[in-house]
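Novice: only geometry, no sequence info:
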C-alpha cells in the first residue's frame, strides 16, 4: 500500500515538475508561466481534468501557435493588408465579447428589464397562425393553369409534388407548418388569407420574390402569447441582447470622432488613461 502511495506521489511530483519546465520552439521560448496559465484556462473553460492532460493539450496548442507564427513572420504576412484587416477584426470581436461579458457581470439583467423585454415581445406577437398548402412556379400563366386544374378536380398535393419549385414543401404535397400570418414576407398575402375559409383555394396567383404561388388555406388557429414563466429563457436571452446592444451603443455615442489635421509627420495614437 505504501509503495502504491509513493508511486502516485512520485508521478504527481514529476507531472508538477514537468509543468514548470519551459519549452523552446525553433529558438523561441514558451515559459512555464504560459503553460500554467493555459492549463488553468483549459480546466476552467473546457473542463479538461488531470494535470497531465492539461499540460499535453496546453503544450500542443502553444507549440502550434509558435510554429504558425514563426512561419507567418518569415513570409512577412504581418505586412499583408488583408491579414492586418482580419487580425484587427478578430481583435475587435474578441474585445467586444469581453467588454460585454464584463459589463453584464457587473450589471445583470434586472426583473424590471426582463418584464420590459417580455412586454415588447408580447406587442410583436401575432396570435393568428395559418397552415397552407401551396405551389411555387416560375410564371403567372403556369400558376393560373394549375389553379384551373385544381378547380376541375386535380389533387393539389399531387400537383405540388410534380410542379412546385419549393422542393422541401413539395415532398409533403406543398403543406407548410402552422405559421403566424405576419411572418409570410409576401405582398398581399395577409389580406388574401384573411378572406378565406378552411379548405378554400385563393383564386389568383400571388407574386413573390421567388416566383408565382397559389395556395389553399388548410387550417387556422389563434395562439396567445405564452406567460413569462414558460418562455423565460427566450425572454432572458432577448433582454441580454438588448442590454448588450445598449451598452455598446453608449460607447459609440460617447466616442469623440473628429477630422485629423493633415500633417506631414506621422500622427501618434493616444489611448485614454486607464482608470
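Specialist: Looks like it came in fine. Everything quoted here is computed from the prediction, not taken from an experiment.
Novice: count residues in the vicinity of residue 143, would you?
Specialist: Residue crowding around residue 143 was assessed by other Cβ atoms under 10 Å; the count is 21. C-betas here are computed from N, CA, C, even on glycine.
Novice: any idea how many residues pack against the residue lying closest to it once chain neighbours are set aside?
Specialist: Excluding the flanking residues, the one nearest residue 143 by Cβ to Cβ, 6 or more residues apart in numbering is residue 205, at 3.6 Å. Using other Cβ under 10 Å, residue 205 has 21 neighbouring residues.
Novice: you'd agree residue 205 is up against residue 192?
Specialist: No: in this structure, residue 205 sits apart from residue 192 without contact. The criterion is Cβ atoms under 8 Å, and the distance is 10.6 Å.
Novice: which stretches in the stretch 101-250 of the chain count as strands?
Specialist: 128-137, 179-180, 206-208, 211-222 (DSSP state E, counting those that start in this stretch).
Novice: so how far is the longest one from its chain's centroid?
Specialist: Centroid displacement of strand 211-222 relative to its chain, using Cα atoms, centre = their mean, to the nearest Å, is 30 Å.
Novice: one more: the second one?
Specialist: Here strand 179-180 shows a centroid-to-chain-centroid distance of 23 Å under the convention Cα atoms, centre = their mean.
Novice: contacts for that strand, please.
Specialist: Outside strand 179-180, the residues that touch it by Cβ atoms under 8 Å, 6 or more residues apart in numbering are 126-131, 223.
Novice: among the residues you listed, the buried ones, what's the PyMOL command?
Specialist: Of the contacts of strand 179-180, the buried ones can be selected in PyMOL as follows, counting by 16 or more other Cβ atoms under 10 Å:
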select buried, resi 129+130+131
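Novice: which among the contacts of strand 179-180 gets closest to residue 44?
Specialist: The shortest approach to residue 44 among these belongs to residue 223, at 42.2 Å (Cβ to Cβ).
Novice: count of neighbours near residue 21?
Specialist: The local packing count at residue 21 equals 12, with neighbours defined by other Cβ under 10 Å.
Novice: surely it is in contact with residue 32?
Specialist: Yes: under the criterion of Cβ under 8 Å, residue 21 is in contact with residue 32, at a separation of 6.2 Å.
Novice: gap between the residue nearest to residue 143 and residue 189?
Specialist: If you measure residue 205 against residue 189 using Cβ to Cβ, to the nearest Å, the figure is 12 Å.
Novice: determine which stretch of the strands of the stretch 101-250 of the chain is the most buried.
Specialist: A comparison of the strands of the stretch 101-250 of the chain by mean neighbour count, using mean count of other Cβ atoms under 10 Å, puts strand 128-137 on top with a mean of 21.
Novice: count of residues packed around residue 238?
Specialist: Here the neighbour count serves as a burial measure; for residue 238 (other Cβ under 10 Å) it reads 17.
Novice: for the closest residue to it other than its chain neighbours, what are its contacts?
Specialist: Leaving aside its chain neighbours, residue 238 sits nearest to residue 117 (4.8 Å; criterion: Cβ to Cβ, 6+ apart). The neighbourhood of residue 117, defined by Cβ under 8 Å, 6+ apart, consists of 235-236, 238-239, 242.
Novice: chain center to stretch 39-46, what's the gap?
Specialist: Worked out by Cα atoms, centre = their mean, stretch 39-46 lies 24 Å from the chain centre.
Novice: now stretch 94-105
Specialist: Here stretch 94-105 shows a centroid-to-chain-centroid distance of 17 Å under the convention Cα atoms, centre = their mean.
Novice: about what we covered before: can you give me the distance of the residue nearest to residue 238 to residue 104?
Specialist: When Cβ to Cβ is applied, the distance between residue 117 and residue 104 equals 14 Å.
Novice: for residue 251, same thing?
Specialist: Residue 251 sits 14 Å away from residue 104, going by Cβ to Cβ.
Novice: the two - which one has more neighbours?
Specialist: The residue with more neighbours, out of residue 251 and residue 104 and counting by other Cβ under 10 Å, is residue 104; that gives 14 against 11.
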